[in-house]
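Q: need coordinates for the following:
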Amino acid sequence: MSTIFAWLDVDRVQWRALLGASLKADFSAMRLPNQPSGRRMARAIGFSLLVYGIAGISPAFIAWIANDQLFAGAMMTTFVAFMVLSTLLLGDGTTVISPTDHHVLGFRPITSRTYLAVRVSAILVRTGVIATAVALAPVGVFLFKGGLHPARAIAALVAAYAVGLAVTLAVVAMYGWMLRIAGPTRLKRWATYTQFAAQSVAWGGFFITTQGLGRQTMAGTSFSESAWWLLYPGTWFGSYVALGAGEFTAPVMTSALLSLAMVAALARLIGGKLSLGYAEDLARVASGASRPAPAASEGRWLGLLNSETRAVALLVRSHLRHDVKFRMGLISLLPITIMYMYLGGMPPDPFVPRAGDGNGDGDAMVIMAALLFLPPTLRRVLVTSQAFRAAWVFHVTPADHAKLVLSSRNIITLFFLLPYLALLATILIYAFADVTHALIHTAFIGMLAYLILQVIIMLNPQLPFSLPIDKEAQGGRMFGIMIVATLAGLVFYLVLTKIIYQSGVAMLGFAVALLALAVVLDRITRRRAEARAMTYVD
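A: Predicted coordinates for the structure are as follows:
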């Protein structure tokens, strides 16, 4: 090990100490199992691991039914790569360009290479956990399918770690490149553009690849019979499974060599010019970030809001301008929503009877799932912040705590949910060719989305920007919300179209019931928020 660290020009003692301190800081609450924060983090991490494990069911099923080992391995590495990439883009990857600890370590005798090695190693720890959770089910299939095959299972696990390593190095290289060429003033803007582009490529590539490969599975296509699949990087790492199964053909060997070449090229890229000037680049960002932000100005439209909602609106606007992670949290929702809408296509009019087996209902369910996915995710973004300790100011002002809690709901509704509903109504008017049907359908699913948001706030009435960002659970929570939103969209759509839309009386009664429920939930939320404010302990 000493030889490896010497070759990397990384101080082993400093690396070990700083990596341990980094992991302890990230999981500090876990050392207090009897405290609410420790139990909350343990539940969040456990839920995330469960979600990642569920994500591995699909590649495990494909591995069970597929006859081609190269194809089965490629599908597993595709899912692992997507989960790792999405998690890094949701927050962990920005650790590379974050100067948060530079004021503590910057003046110490720590080399730039060591500084970067610590950051990359901390990210790789999370990558290893994610890759293990996703690959657990398919590795089990590779182990027991057609008898006991330990070599194939070990090769599958190595493939999962290798693709996770490649994705991590690629993300680090992307953010490192941006850190080098963008100054402190341009970094926020560049980070936003890069985040959106990378998320779009990740989600678009995943859906296109899995849909296309899924159809190939049913057709019985073999990767080993075509050289065209060598153009797909997932095949490069999936070839490890075929090697573990004893397939030493030219396409398999070529794919394995390409994967090794890719990892080596990324490692060389990171260990070259990027690592040499990494600490200096962070110093530039830290000096730019230390400058005080200009005071927030109020526009005329803010005067239309009450005091608490206006204060939260100013905070949201300031975070959008100056908090990179907050901006990325919002930007990351756009590619997901666009892909949901793309998969949904043009839904059929639910008020018009159709012959056949209900083709097109799935498209409408996907669109509804996209709408139901937004409220809980946006609400999570609006209650977490790197500057969560500054939330103490809420408890020393004469502001109404219940109104502050409900202000996050109002902000999400006014500035996110309503514009999305307006866009959805426009799409439905075009798809239905009936304005009345489109507006009624949009109104009902909008009320359902609003009620979901209200229930979430009622169950956990947190003040805006008052919780720390849980990097370890953020990705798993995102995918968990997607799963729940998809199931809820299915149930709600079936109830609306099969029961409620069958008569005008049913629609009127259901609308009144939803409005009454919203009023009741609002009052309960106010009481819970007031009770929590009374029991607050710093």
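Q: for whichever strand or helix holds G140, packing partners?
A: Using DSSP states H and E, G140 maps to helix 112-144. With contacts taken as 3 or more Cβ pairs under 8 Å, 6 or more residues apart in numbering; DSSP states H and E, helix 112-144 sits against helix 12-26, helix 36-55, helix 57-65, helix 69-90, helix 150-181, helix 275-276, helix 278-289, helix 471-498. Using the backbone N, CA and C atoms, a C-beta is placed for each residue, glycine as well.
Q: next one: stretch 414-431 to chain centre, how far?
A: Centroid separation for stretch 414-431 versus its chain: 23 Å, with Cα atoms, centre = their mean, to the nearest Å.
Q: start at 440 instead
A: Will do, 440 is the new start, and the previous item becomes stretch 853-870.
Q: what about I850, how many neighbours?
A: Counted by other Cβ atoms under 10 Å, the residues lying close to I850 total 21.
Q: just F521 next, same as before
A: That count, for F521 with other Cβ under 10 Å as the rule, works out to 22.
Q: ok so, going back, so for the helix holding G579, mean pLDDT?
A: Per-residue pLDDT over helix 551-583 has a mean of 89.
Q: off-centre distance for that helix?
A: Distance, centroid of helix 551-583 to centroid of chain: 17 Å (Cα atoms, centre = their mean).
Q: quick one: I963 is in a strand?
A: No. According to DSSP: H, G, I helix; E, B strand; the rest coil, I963 belongs to no strand; its state is helix.
Q: three-state assignment of the nearest residue to L821 once chain neighbours are set aside?
A: Nearest residue to L821, sequence neighbours excluded (Cβ to Cβ, 6 or more residues apart in numbering): S847, at 4.8 Å. What three-state DSSP gives for S847 is helix.
Q: if we can go back for a sec, hey, which of the helices and strands packed on helix 551-583 is tucked in deepest?
A: Stretch with highest mean neighbour count among the helices and strands packed on helix 551-583: helix 508-529 (a mean of 28; mean count of other Cβ atoms under 10 Å).
Q: how much space between the residue lying closest to I493 once chain neighbours are set aside and F676?
A: Nearest non-adjacent residue to I493, counting by Cβ to Cβ, 6+ apart: I922, 7.2 Å away. From I922 across to F676, the span is 26 Å (Cβ to Cβ, to the nearest Å).
Q: cool, P907 as well?
A: According to Cβ to Cβ, P907 and F676 sit 34 Å apart.
Q: circling back: burial measure for the residue nearest to L821, as a count.
A: Around S847 there are 25 residues (other Cβ under 10 Å).
Q: wait, doesn't it sit right on S905?
A: No. Here S847 does not reach S905: they are 10.1 Å apart, not a contact under Cβ atoms under 8 Å.
Q: now the common contact residues for the two.
A: Counting by Cβ atoms under 8 Å, 6 or more residues apart in numbering, the residues touching both S847 and S905 are V822.
Q: neighbour count winner among P907 and F676?
A: Counted by other Cβ under 10 Å, P907 and F676 do not tie: F676 has more neighbours, with 32 against 15.
Q: wait, that one touches V602, no?
A: Yes. Here F676 reaches V602: they are 4.2 Å apart, a contact under Cβ under 8 Å.
Q: what's the overlap in contacts for those two?
A: The contact sets of F676 and V602 overlap at T516, A520, S698 (Cβ under 8 Å, 6+ apart).
Q: L618: which of those residues is nearest?
A: A520 (23.2 Å; Cβ to Cβ).
Q: now do the same contact list for the closest one.
A: V602, G603, A605, V606, G673, F676.
Q: wait, the fourth one touches V523, no?
A: To tie it back to what came earlier, the one meant is V606. Yes. Between V606 and V523 there is a contact under Cβ under 8 Å: 4.7 Å.
Q: so what's in contact with these two at the same time?
A: Between them, V606 and V523 share the contacting residues T566, judged by Cβ under 8 Å, 6+ apart.
Q: quick one on the thing from earlier: list the buried residues for the helix holding G579?
A: By neighbour count on 16 or more other Cβ atoms under 10 Å, the buried set for helix 551-583 is 551-563, 565-582.
Q: what about S698, distance to G673?
A: From S698 across to G673, the span is 10 Å (Cβ to Cβ).
Q: how many residues are close by F854?
A: Neighbours of F854 using other Cβ under 10 Å come to 14.
Q: what do you get for S846?
A: By other Cβ under 10 Å, 26 other residues sit near S846.
Q: that one contacts L753, doesn't it?
A: No. Judged on Cβ under 8 Å, S846 makes no contact with L753 at a distance of 10.8 Å.
Q: could you look up the SS state of G586?
A: Secondary structure for G586, judged by three-state DSSP, is coil.
Q: how many other residues sit next to it?
A: Applying other Cβ under 10 Å, we find 6 other residues in the vicinity of G586.
Q: which parts of stretch 957-973 are buried?
A: L960, T964, R965, R967, A968, R971, A972.
Q: minimum pLDDT in the residues you listed, which residue is that?
A: Where pLDDT dips furthest among the buried residues of stretch 957-973: A972, at 63.
Q: domains in the protein, by residue range?
A: Using automatic domain parsing, the domains assigned to the chain come out as 450-725, 742-973.
Q: got CSV for the ones you listed, with distance to T442 too?
A: Converted to CSV, these look like this (distance: least, Cβ to Cβ, whole Å):
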stretch, distance to T442
domain 450-725, 10
domain 742-973, 32
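Q: of all those domains, which lies closest to S441?
A: Taking Cβ to Cβ, domain 450-725 is the member of the domains of the chain nearest to S441, at 6.4 Å.
Q: circling back to that earlier point, and the helices and strands packed on helix 551-583: which comes nearest F854?
A: Comparing those by Cβ to Cβ, helix 910-937 comes nearest, at 19.8 Å.
Q: so for the closest one, mean pLDDT?
A: Helix 910-937 shows a mean pLDDT of 70.
Q: next one: stretch 693-706
A: According to the model, stretch 693-706 has a mean pLDDT of 91.
Q: give me the distance from that stretch to the chain's centre.
A: How far stretch 693-706 lies from its chain's middle: 27 Å, per Cα atoms, centre = their mean.
Q: next: stretch 808-823.
A: The mean C-alpha position of stretch 808-823 is separated from the chain mean by 11 Å, Cα atoms, centre = their mean.
Q: with stretch 699-713 instead?
A: So, by Cα atoms, centre = their mean, the centroid of stretch 699-713 is 26 Å from its chain's centroid.
Q: what residues sit buried inside it?
A: Across stretch 699-713, burial judged by 16+ other Cβ under 10 Å covers M701, V702, L705, A706, L708, I709, G710, L713.
Q: send me that stretch as CSV with only the CA atoms.
A: Provided in CSV are the C-alpha atoms of stretch 699-713 (Å, rounded to 0.1, in the frame of the first residue of the first chain):
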residue,chain,number,x,y,z
LEU,A,699,-10.0,-1.3,-18.3
ALA,A,700,-8.8,1.3,-20.8
MET,A,701,-11.7,3.6,-19.8
VAL,A,702,-11.0,3.4,-16.1
ALA,A,703,-7.3,3.9,-16.7
ALA,A,704,-8.0,7.0,-18.9
LEU,A,705,-10.3,8.5,-16.3
ALA,A,706,-7.8,7.8,-13.4
ARG,A,707,-5.0,9.4,-15.4
LEU,A,708,-7.2,12.4,-16.2
ILE,A,709,-8.0,13.0,-12.5
GLY,A,710,-4.4,12.3,-11.4
GLY,A,711,-2.9,14.7,-13.9
LYS,A,712,-3.5,18.4,-14.1
LEU,A,713,-6.7,18.2,-12.1
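Q: and A499, what's its pLDDT?
A: 91.
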